[in-house]
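Trainee: Mind looking at a prediction? Sequence and model below.
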Amino acid sequence: MALVFVGIDPDTGDMHSPTVWADVEHQELVLQGWKPSPELETECAATEVPGHAKGIPEGEAVIRIPARMLHMVREACDVLDAHIQ
């Protein structure tokens, strides 16, 4: 796996670490974030999305990252764009 570290939330200190990577080999964003509250997870699972069943499929997860990290997500997208095969 060609995992490229993009950034970590600078405001979380040593014990928390929302993080953004770009997986160049698989052309995927890899995000580490906070677990959602039970209420948020329930709301996400109950939301209907056209063409998809309600719920969060096995093997998938809802995560939260702070908006202050958006530039890191954009940078990770740029890394992947530069490596499109």
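Mentor: Sure thing, it's come through. Not measured: the values here are computed from a predicted model.

Trainee: Please count neighbours and contacts with C-alpha atoms only from this point.
Mentor: OK.

Trainee: So which residue is dead centre in this protein?
Mentor: For the chain, the residue nearest the mean C-alpha position is Leu31 (3.4 Å; Cα atoms, centre = their mean).

Trainee: Which helix or which strand is home to that residue?
Mentor: strand 28-32 (DSSP states H and E).

Trainee: same check, this time on Asp78
Mentor: Here Asp78 is assigned to helix 70-82, by DSSP H and E.

Trainee: Check which helices and strands that helix sits against.
Mentor: strand 3-8, strand 19-23, strand 28-32 (3 or more Cα pairs under 8 Å, 6 or more residues apart in numbering; DSSP states H and E).

Trainee: which of the ones you listed is buried the deepest?
Mentor: Highest mean neighbour count of these: strand 19-23, a mean of 22 (counted as mean count of other Cα atoms under 10 Å).

Trainee: and Leu31, what does it touch?
Mentor: Pro18, Thr19, Val20, Trp21 (Cα atoms under 8 Å, 6 or more residues apart in numbering).

Trainee: do Val79 as well
Mentor: Ala22, Val24 are the contacts of Val79 under Cα under 8 Å, 6+ apart.

Trainee: Tell me the spacing between it and Ala2.
Mentor: 11 Å (Cα to Cα, to the nearest Å).

Trainee: any shared contact partners between the two?
Mentor: Joint contacts of Val79 and Ala2 (Cα under 8 Å, 6+ apart) are Val24.

Trainee: Flag every buried residue along stretch 73-85.
Mentor: Within stretch 73-85, the residues scored as buried using 16 or more other Cα atoms under 10 Å are Val73, Glu75, Ala76, Cys77, Val79, Leu80.

Trainee: ugh, wrong one, stretch 62-72
Mentor: Ile65, Met69, Met72.

Trainee: My guess is the second one contacts Val6. True?
Mentor: Read it as Met69. No: contact criterion Cα atoms under 8 Å: Met69 and Val6 do not qualify, at 10.3 Å.

Trainee: pLDDT weak spots in this structure?
Mentor: Applying pLDDT under 70 to the chain flags residues 1, 85.

Trainee: how about a cut-off of 50?
Mentor: For the chain, no stretch is flagged by pLDDT under 50.

Trainee: Fine by me, we can end here.
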